[in-house]
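[1] coordinates for the following, if possible.
(one chain, ligands or ions: 1)
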Amino acid sequence: MSDRKWTDKQRFDSKASEWDANAVRAALADAVARAIIAHLPVNRPENGLEFGCGTGLVTLRVSPLLDRLTAVDTSDGMLVVLNEKISAAGVPNVATRLLDLSLSGTASQLEGPFDFVFSSMTLHHIPDTEGFLSLLHGLMAPGGTLAIADLDAEDGLFHEDASEKVHHGFVRQRLKEQLEQAGFGFVSFITAHVVEKKTREGQISSYPVFLVTAVKPQH
Ligand SMILES: C[S@@+](CC[C@H](N)C(=O)[O-])C[C@H]1O[C@@H](n2cnc3c(N)ncnc32)[C@H](O)[C@@H]1O
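    All right, here's what the predicted structure looks like:
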């Protein structure tokens, strides 16, 4: 992978005000939120973390089920939209943070440990998957649950802009191995949703989205 800029903040800033109006995205976020809620730990999580929260489509569905949630994103445009929703609805337990978690040193700015970490459609924007999963493991409390939704391995046409630097989805078995190498156990996948969309080459394609859950062992 080249080291060309991965976290394209400007791209997400420019899309933020229109983000929620896209029906394909809204349906995906709805399906992912339902899948994450179905996989919440039995005991109500006390301290949650979401990376790549965007405008909060998943965030505000999950947050009522946690005591408190830190919602992190690299795009201040996306966070402006989420902060407006938080203010308008008087959401008491969500704090947003403008932070690139994939950069070394930034994780120490968060108030962990976290007993529930989740994300939707963001892992493929982070270049070093293995390093990032280790970082998440370090942020989590023993016994904590991780829930990540993202694309299965795709044909490289999912994103409209061919120059966008992303992983083209993930092979489940490989991601399972990477999670286990990072120290997680009880790794399990479901298909949370299938995105049907017209690609930038004009054909309608199906893109399955998995939810992988894993647990940081107690010892
Ligand atoms: C495809 S969007 C998904 C947003 C939201 N989760 C949703 O489902 O609508 C990916 C989000 O991840 C954010 N992002 C990308 N790289 C990031 C990083 N290293 N740390 C935190 N957020 C990141 C982007 O700014 C963007 O808001």
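
[2] max-length helix in the protein?
    When the chain is parsed with DSSP state H, its longest helix is helix 23-38.

[3] what packs against the very next helix or strand once past it?
    As assigned by DSSP states H and E, the chain's next helix or strand after helix 23-38 is strand 47-51. Counting contacts by 3 or more CB pairs under 8 Å, 6 or more residues apart in numbering; DSSP states H and E, strand 47-51 packs against helix 59-62, strand 68-73, strand 114-120. Just so you know, the C-beta spots here come from the backbone N, C-alpha and C atoms, and that holds for glycine as well.

[4] can you put the ones you listed in CSV and add mean neighbour count?
    CSV is the format used below for the helices and strands packed on strand 47-51 (neighbours: other CB atoms under 10 Å):
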stretch, mean neighbour count
helix 59-62, 22
strand 68-73, 23
strand 114-120, 26
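
[5] mean pLDDT and distance to the ligand added to the ones you listed, as a markdown table?
    A markdown table is the format used below for the helices and strands packed on strand 47-51 (pLDDT from 0 to 100; distance: least, CB to the nearest ligand atom, whole Å):
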| stretch | mean pLDDT | distance to the ligand |
| --- | --- | --- |
| helix 59-62 | 98 | 8 |
| strand 68-73 | 98 | 4 |
| strand 114-120 | 98 | 4 |
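
[6] got these as TSV, with distance to residue 218 columns?
    Output for the helices and strands packed on strand 47-51, formatted as TSV (distance: least, CB to CB, whole Å):
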stretch	distance to residue 218
helix 59-62	24
strand 68-73	22
strand 114-120	12
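
[7] buried ones in the top strand by length along the chain?
    Assignment by DSSP state E gives strand 185-198 as the longest strand of the chain. By neighbour count with 16 or more other CB atoms under 10 Å, strand 185-198 contains the buried residues 187, 189, 192-193, 195, 197.

[8] give me the mean pLDDT for stretch 121-136.
    Mean pLDDT, stretch 121-136: 96.

[9] send the alpha carbons of that stretch over as CSV?
    Taking C-alpha atoms only, stretch 121-136 is exported to CSV below (Å, rounded to 0.1, in the frame of the first residue of the first chain):
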residue,chain,number,x,y,z
MET,A,121,-18.0,1.2,7.5
THR,A,122,-14.8,2.8,8.8
LEU,A,123,-12.3,0.0,9.2
HIS,A,124,-11.7,0.0,5.4
HIS,A,125,-10.6,3.6,5.7
ILE,A,126,-7.8,2.8,8.1
PRO,A,127,-4.5,1.7,6.4
ASP,A,128,-2.9,-0.6,9.0
THR,A,129,-5.7,-3.0,10.0
GLU,A,130,-3.5,-5.1,12.3
GLY,A,131,-1.9,-2.2,14.1
PHE,A,132,-5.3,-0.6,14.5
LEU,A,133,-6.9,-3.8,16.0
SER,A,134,-4.0,-4.0,18.5
LEU,A,135,-4.7,-0.3,19.4
LEU,A,136,-8.3,-1.1,20.0
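
[10] ok, back up a step: for the helices and strands packed on strand 47-51, which one sits closest to residue 98?
    strand 68-73 (6.8 Å; CB to CB).

[11] show me how far the helix or strand following that closest one is from its chain's centre.
    Scanning forward in sequence from strand 68-73 by DSSP H and E, the next helix or strand is helix 76-89. Taking the mean of its C-alpha atoms, helix 76-89 sits 17 Å from the chain's own mean (CA atoms, centre = their mean, to the nearest Å).
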